[in-house]
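[1] what shape does this take:
(one chain, ligands or ions: 2)
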Amino acid sequence: ETHEEEEDTPVTRFQHYLRINTAHPSPDYSSAVSYLKAQAHSIGLQTKILEFVPGKPLLLLTWPGSIPSLPSLVFNSHLDSVPAEPDKWLHHPFSAFRTQNGAVYARGAQDDKCIAMQYLEAIRNLKARGFSPLRNVHVSLVPDEEIGGFDGAAKFVESKEFEELNVGFALDEGQASPGDEYRVFYADRVPWNLKIKAKGQPGHGSRMYDNSAMENLMKSLEVVSRFRESQFDVVKAGKAMNSEVVSVNPVYVKAGLPTEDGFAMNVQPSEAEAGFDLRLTPTTDPEEMRRRIAAEWAPAVRNMSYEIIEKGPLRDYIGRPIMTATNDSNPWWLVFKQAIESAGGKLSKPEILASTTDARYLRQKGIPVLGFSPMRNTPILLHEHNEHLQDTVYLKGIEVYESLISSLSTFTEASH
Ligand SMILES: [Zn+2]
Ligand SMILES: [Zn+2]
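    Ligands and ions are numbered 1, 2, ... in the order given. Have a look, this model is predicted:
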């Protein structure tokens, strides 16, 4: 193994990036940016660091095209990762250990450090073959996607630097496919972070009485559960995909009177709170959702209140649901599809992504964006323990991007 680590190959370069701990809550952006910048220089790309918020760099790489006035391409990937619990992994999440079977274990192996390095390797190979693009090709490596992208992609798309890129089309991360076909995504769901709070009369732990904070919160959990079930039933009946309904999942509950070694067991608390990850589809009516929350999930008449933090836009600037066309009306789509096929791949039916990416910020600006990560025959492990990616799948993905970058960058029919 040690011998292998000394080599400089596409897989060891991927491992190197994975070993830089960019997990929240304290992502090491500066090490990640220096490594990627050095890689970009070794390939001969232009580099620029944008820092909309101090300590949160965005690395922008550019491969100039011979007709730079054409709308450009952006290949996006986020630098950060969600945290991992090392004790629960087979191999440490920042060791990027490669097993004898070729599986590389690391937080970020699928989500989404693979694509950043695959973009770079694909460009390296195309350059080595003497290929040159007509339109400008950019790679954007952005901070903070996992916490909402407010200080990253959201600020980037509003910047003058972004405007100057004159972006025609972009690719961002997708999700692994357990089958033979690659998956592609034309829209994201949008997260609402929902906090429901209950207040009530405190009382002796032995007493039964109405309107305690916990009783009110428990009632609320029941109502939320029923809504969750109604949505899940549609999926179970085969009428919709997971990503086409509204999901709601509790992610924390907070209550109780703390003591030195836990909680007072004989006091019913006067406050209780629960947090939910709620995901709206691009066609969900946000007003209806709000009314439901106010009337049924957190009714003021039961001493409940709520707070919604919307993690991004649901509509574009002219009020339409944010999605990218995957039909003949979108010339980029046709080129994308063909490029996948000429790399020997097949696409499954375009989907809405159940989770959420920075693509929503670009789409909101009217830019067509597809979510795509070339991982097939791969279990979906984003945010899970033992996230890993097979080396052969990783390497095949580089070829797929070579095909995509060469086709998309030489295609001239589309106007923005
Ligand atoms: Zn991601
Ligand atoms: Zn993620």
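
[2] pLDDT score for Ile318?
    Note on Ile318: pLDDT of 84.

[3] how about the strands in the stretch 1-150 of the chain?
    Listed in chain order, the strands of the stretch 1-150 of the chain (DSSP state E, counting those that start in this stretch) span 46-53, 56-63, 72-78, 97-98, 103-105, 137-142.

[4] for ligand 1, find the nearest of those.
    Smallest distance to ligand 1 across these (C-beta to the ion): 5.6 Å, for strand 72-78. (Each C-beta comes from the backbone N, C-alpha and C, glycine too.)

[5] does ligand 1 sit close to the closest one?
    No: Strand 72-78 does not reach ligand 1 (C-beta under 5 Å from the ion); its nearest approach is 5.6 Å.

[6] name the strands paired with that strand and say parallel or antiparallel.
    Using DSSP bridges, strand 72-78 pairs in its sheet with strand 137-142 (parallel), strand 167-172 (parallel).

[7] reformat these as JSON lines; add mean pLDDT, distance to His24 and mean neighbour count.
    Shown next, in JSON lines, are the strands paired with strand 72-78 (pLDDT from 0 to 100; distance: least, C-beta to C-beta, whole Å; neighbours: other C-beta atoms under 10 Å):
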{"stretch": "strand 137-142", "mean pLDDT": "98", "distance to His24": "14", "mean neighbour count": "26"}
{"stretch": "strand 167-172", "mean pLDDT": "98", "distance to His24": "19", "mean neighbour count": "25"}
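
[8] could you export those as a markdown table, including distance to Glu85?
    Shown next, in a markdown table, are the strands paired with strand 72-78 (distance: least, C-beta to C-beta, whole Å):
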| stretch | distance to Glu85 |
| --- | --- |
| strand 137-142 | 25 |
| strand 167-172 | 27 |
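
[9] quick one: pLDDT of the residue lying closest to Lys365 once chain neighbours are set aside?
    Computed as C-beta to C-beta, 6 or more residues apart in numbering, the closest residue to Lys365 that is not its neighbour in sequence is Val157, at 5.5 Å. Per-residue confidence at Val157 stands at 98 (pLDDT).

[10] nearest to Val223, of the strands paired with strand 72-78?
    strand 167-172 (35.2 Å; C-beta to C-beta).

[11] surely Phe75 and Leu120 touch.
    No: the pair Phe75 / Leu120 is not scored as a contact, 9.4 Å apart, by C-beta atoms under 8 Å.

[12] need the residues touching each of these two.
    Common neighbours of Phe75 and Leu120 are listed as Val139 (criterion: C-beta atoms under 8 Å, 6 or more residues apart in numbering).

[13] spatially nearest residue to the closest residue to ligand 1 within the stretch 251-400 of the chain, not counting backbone neighbours?
    Closest residue of the stretch 251-400 of the chain to ligand 1, C-beta to the ion: Thr357 (6.0 Å). Closest residue to Thr357 apart from its sequence neighbours, by C-beta to C-beta, 6+ apart: Asp172 at 5.1 Å.

[14] settle this for me: the one you found is touching Ile367, isn't it.
    No: counting by C-beta under 8 Å, Ile367 is not a contact partner of Asp172; they are 10.6 Å apart.

[15] in the stretch 101-250 of the chain, mark out all the helices, start to finish.
    Along the stretch 101-250 of the chain, counting by DSSP state H, counting those that start in this stretch, helices occupy 113-128, 153-157, 160-165, 213-236.

[16] out of those, which is closest to Ala38?
    The closest of the helices of the stretch 101-250 of the chain to Ala38 is helix 113-128. By C-beta to C-beta, the value is 10.8 Å.

[17] buried residues, that closest one. List them.
    By 16 or more other C-beta atoms under 10 Å, the buried positions in helix 113-128 come out as 113-126.

[18] show me which residues of the stretch 51-200 of the chain sit near ligand 1.
    Asp111, Asp112, Glu173.

[19] the first one: neighbour count?
    Asp111: 27 surrounding residues under other C-beta atoms under 10 Å.

[20] tell me if I'm right that it and Ile380 touch.
    No: taking contacts as C-beta under 8 Å, Asp111 lies outside contact range of Ile380: 9.7 Å.

[21] including distance to Met241, could the strands of the stretch 1-150 of the chain go into a markdown table?
    Converted to a markdown table, the strands of the stretch 1-150 of the chain look like this (distance: least, C-beta to C-beta, whole Å):
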| stretch | distance to Met241 |
| --- | --- |
| strand 46-53 | 35 |
| strand 56-63 | 32 |
| strand 72-78 | 24 |
| strand 97-98 | 34 |
| strand 103-105 | 28 |
| strand 137-142 | 27 |
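
[22] can you classify Ser406 by secondary structure?
    Using DSSP: H, G, I helix; E, B strand; the rest coil, the structure places Ser406 in helix.

[23] what about the strands in the stretch 201-350 of the chain?
    203-204, 247-255, 258-259, 262-263, 267-268, 271-280, 304-310.

[24] what angle separates the second one from helix 213-236?
    Okay, so that is strand 247-255. Strand 247-255 runs at 160 degrees relative to helix 213-236, counting by axes from the mean of the first three to the mean of the last three C-alpha atoms, to 10 degrees.
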